[in-house]
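Asks: generate a structure from the sequence data that follows.
(one chain, ligands or ions: 1)
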Amino acid sequence: MMKSMNSVGEALTDVSGIGERLAQKIIDELGGEKELLKAVENLEIDRIASIEGISQRKAIEITSELLGNPVPSFLKTERAFQIYQEIVETISSYAHTDYARNRLTLLHPSTDTDAMRSHIEMVMESKKMVSELPVEDLRDLLKKIKRPEKARPPFNPSRAILVETREDYDHMIDMGLNRYHPVIMNPEQGELDEYELIIYVYSEGMIDLEDTFNTVMVTADSERHEIVPEDVLGYFRENTDLLRGALEIKRILGMETCLDEVLAIMDELGSLEEEEVDIDEAVNSVKAWADSELRDLIKDIDLKGEEVLALLNQGMTGKLERIFDDVLKKACEMIKRKTGVEFDPFIKSYPLKIDQQELERVKRLESASRNIRRFERRVDAASRLSELREAVENEIRELMEFDYRFALGLFAHDYGLVEPEFGDEIILRGALHLSLVGSENPQRIDYKLGNPDNVVLLTGANSGGKTTLLETLAQVTMMAQMGLPVCALEAMVRPVEEIHFISKKRSLDAGAFESFIRTFTPVTMSGSSKLILLDELEAITELDAAVKIIATFIEFIRESESIAVIVTHMAREILKYVDVRVDGIEARGLDENYNLIVDRTPRIDYLARSTPELIIRMIYEKSCDDERMVYQRILEKFQKNG
Ligand SMILES: Nc1ncnc2c1ncn2[C@@H]1O[C@H](COP(=O)(O)OP(=O)(O)OP(=O)(O)O)[C@@H](O)[C@H]1O
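Replies: Now for the predicted structure:
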């Protein structure tokens, strides 16, 4: 539900980091509250993010807030947010329209299990749907789907809107019709003749237009497209390609549509557009034909003595008269055939003369009536099209919505996602990190935690896949809570209220230790349920101290509703302080290509060695001679110590 208008400013200030001044700036820059709400409804996140001081992330928060679906404070650390963003970016790459892309960026983890379930169901249906559709054809077509362009035809001064009263005049201005044609109230003598078409908007019929032949009459209560049909027609013309593409998609999907009707109206209008006939050219070419015909016929006349006398006395003899009449009759028929107009522009003489006045009169009359016919046809088409405009816009929107589901379906299909169950533990069978899907040798992982062990230490081989497993756990939990199926063969997810991922890659500059301890300590205490993923926390300070800190954190987390996985190479030391489950990923050696042989699925209740010597051996085998010496020395030391 959209927030009501007067609470827009207030709602904006609910977004963290946005004070009243910034809220006002956002409203002003977008052209008012109404425009802002429209941008939000159309998910124009980039437009909001283009405001100075508003990041993309903030724009997403603003959009979600104003849509009544605020971004929950769920992703608590930078790394958790990055993992979330990677998921969204992966799905977004499947979107073809800006709308779908933006809707995907609004997907957030939530704690509303019903909402998650129904969204997951929709994605699973979409996954099935895409397997039955001609995907490549649809992809090409969907790329061209966008919001229809608004078209504003240019000012056309060759037509005028004529009104009788000040009231009607104001009404035309209110409708903005003066942007298309001049609006005239008290025309001066002869002024109206200058226009090729007068659109006479009458209420009383006070103006006498008997002498003007270039006028169409429309009543004052007409709709705008009955006065200026170009507005509606321009819109449909501008978007013809879009509509043709949309129709093709609709046909593929077997969806009902009014687009074929729209396109038929436009094609019909195009086919009825009359070609401008060149009356001058028609008259001149017929004159040339008639002159040569007359010359040939007169040459052959055989005059008797008295006929010559009559010719001298009366001007023309009966025979000659007949020849002229015959040729001129044929000439007029030819002109009618060429121009569609019945008229005789010739003065009998040899060669024929053209009655210029008559020709001008006919030309003006003809062009006026053609303009009127064209106007009427356009109004007729515009009336039919304007009734369909809303339906067309809904259909385009519907296709953008379809693109959202299509993108999710393609994503679920390509990544082989499955519907997760929700429960009080995390149980994964055949889980895979998204970035490993399609890689050379991905190993699917089985893992289980949460009940009874809500805290475990994860130990094991360097490069064994511990960090990858933590990220997989984060991905699965986030995706399920975003209402997405997950990357596994089977999965149970325990919904949480917050995800904390402390990456070993975090910066450890001055003060980092203190600030980390201060911010992380409250996280370990009970309260909201969390998924806590810690990657080699021991790097925060000297090892001995780190062990004591980690052990204490574990004691507190164990008592809470949270689940924690802590990657560490110090498990043995930690166990001296606290009793906690330890799992291990073990490397069993190097294969013939000196790659690590490792079972990426952790062994439960198993403390695995880090086996850094295997990594050193691997590098030794794969490196060049100079450096080999160094690795050789290291390996010798390992061998000495056993
Ligand atoms: N399940 C898997 N299938 C295939 N490759 C994997 C899997 N898990 C991890 N890898 C690959 O193994 C390499 C090491 O993974 P990762 O960084 O997660 O190991 P790690 O145990 O955290 O290492 P370290 O302790 O040295 O930091 C990465 O290149 C990763 O892509």
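
Asks: who in this protein is up against the ligand?
Replies: Neighbours of the ligand within the chain, by Cβ under 6 Å from any ligand atom: 436, 441-443, 445, 462-468, 600. Heads up, the C-betas are built off the backbone N, CA and C, glycines and all.

Asks: now restrict those to buried residues only.
Replies: L436, I445, N462, S463, G464, G465, K466, T467, T468, R600 (16 or more other Cβ atoms under 10 Å).

Asks: just to revisit the earlier point, filter the residues of the chain next to the ligand down to just the ones in helices.
Replies: Among those, the members falling in helices (DSSP state H) are K466, T467, T468.

Asks: could I get those residues as JSON lines with pLDDT?
Replies: Below are those laid out as JSON lines (pLDDT from 0 to 100):
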{"residue": "K466", "pLDDT": "95"}
{"residue": "T467", "pLDDT": "95"}
{"residue": "T468", "pLDDT": "96"}
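
Asks: nearest to R558 among those?
Replies: R558 has its nearest neighbour among these in K466, at 20.8 Å by Cβ to Cβ.

Asks: the closest one touches I566, doesn't it?
Replies: No: distance between K466 and I566: 10.1 Å, which falls outside the contact criterion (Cβ atoms under 8 Å).

Asks: between those two, which contacts overlap?
Replies: Here K466 and I566 have L458 as joint contacts, going by Cβ atoms under 8 Å, 6 or more residues apart in numbering.

Asks: any idea how many residues pack against K34?
Replies: Counted with other Cβ atoms under 10 Å, residues neighbouring K34 total 12.

Asks: and if you look at the one 10 residues further on?
Replies: By the criterion of other Cβ under 10 Å, E44 has 20 neighbours.

Asks: what pLDDT does it get?
Replies: Note on E44: pLDDT of 91.

Asks: ok, for it, nearest residue in space, not its chain neighbours?
Replies: Of all residues not flanking E44 in the chain, N102 sits nearest, at 7.4 Å (Cβ to Cβ, 6 or more residues apart in numbering).

Asks: help me confirm that the one you found is found in a strand?
Replies: No: counting by DSSP: H, G, I helix; E, B strand; the rest coil, one finds N102 to be helix, located in no strand.

Asks: what's the helix or strand containing E514 in contact with?
Replies: Assessed by DSSP states H and E, E514 sits inside helix 512-524. The contact list for helix 512-524, computed with Cβ under 8 Å, 6+ apart, reads 76, 498, 500, 502, 506, 530, 532, 540-541, 549, 553, 556-557, 560.

Asks: in helices only, show me those residues.
Replies: I549, F553, F556, I557.

Asks: I'd like those as CSV, with neighbour count appended.
Replies: As requested, the ones in helices among the contacts of helix 512-524 are arranged in CSV below (neighbours: other Cβ atoms under 10 Å):
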residue, neighbour count
I549, 19
F553, 23
F556, 17
I557, 23
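
Asks: tabulate those (CSV), appending pLDDT.
Replies: As requested, those are exported to CSV (pLDDT from 0 to 100):
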residue, pLDDT
I549, 93
F553, 94
F556, 95
I557, 95
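
Asks: out of the residues you listed, who's nearest R224?
Replies: Scanning the ones in helices among the contacts of helix 512-524 for proximity to R224, where the rule is Cβ to Cβ, the winner is I557, at 67.0 Å.

Asks: where in the stretch 201-350 of the chain is pLDDT low?
Replies: 209-212, 274, 301-317 (pLDDT under 70).

Asks: quick one, helices of it?
Replies: For the stretch 201-350 of the chain, the helices defined by DSSP state H, counting those that start in this stretch cover 224-227, 230-238, 240-253, 259-272, 279-299, 305-314, 318-339.

Asks: show me what the shortest one is packed up against.
Replies: Identification of packing neighbours for helix 224-227 by 3 or more Cβ pairs under 8 Å, 6 or more residues apart in numbering; DSSP states H and E yields helix 230-238, helix 356-414.

Asks: D98 against K146, yeah?
Replies: Yes: under the criterion of Cβ under 8 Å, D98 lies in contact with K146, with a separation of 6.8 Å.

Asks: now the phi/psi pair for E636, please.
Replies: Recorded main-chain torsions at E636 are phi -60, psi -40, according to degrees, to the nearest 10.

Asks: burial of F422, as a residue count?
Replies: The number of residues packed near F422 is 15, by other Cβ under 10 Å.

Asks: meant to ask about N394
Replies: For N394, the neighbour count with other Cβ under 10 Å is 11.

Asks: quick one: low-confidence parts of the stretch 1-150 of the chain?
Replies: 1-6.

Asks: if you set the cut-off to 50 instead, what comes out?
Replies: Along the stretch 1-150 of the chain, the parts satisfying pLDDT under 50 run over 1-5.

Asks: picking up where we left off before, any chance of the buried ones among the residues of the chain next to the ligand in CSV, plus distance to G234?
Replies: Shown next, in CSV, are those (distance: Cβ to Cβ, whole Å):
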residue, distance to G234
L436, 52
I445, 59
N462, 67
S463, 63
G464, 65
G465, 60
K466, 62
T467, 57
T468, 56
R600, 61
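
Asks: report the contact partners of the residue in the stretch 501-642 of the chain positioned nearest to the ligand.
Replies: In the stretch 501-642 of the chain, the residue that lies nearest the ligand is R600 (3.7 Å; Cβ to the nearest ligand atom). Residues near R600 by Cβ under 8 Å, 6+ apart: Q443, I445, G464, G465, T468, L469, I585.

Asks: min pLDDT across those residues, which one?
Replies: Least confident entry in the contacts of R600, by pLDDT: G464, with 91.

Asks: so the nearest residue to that one once chain neighbours are set aside bridges to which residues?
Replies: Leaving aside its chain neighbours, G464 sits nearest to I585 (3.9 Å; criterion: Cβ to Cβ, 6+ apart). For I585, the beta-bridge partners under DSSP bridges are G460.
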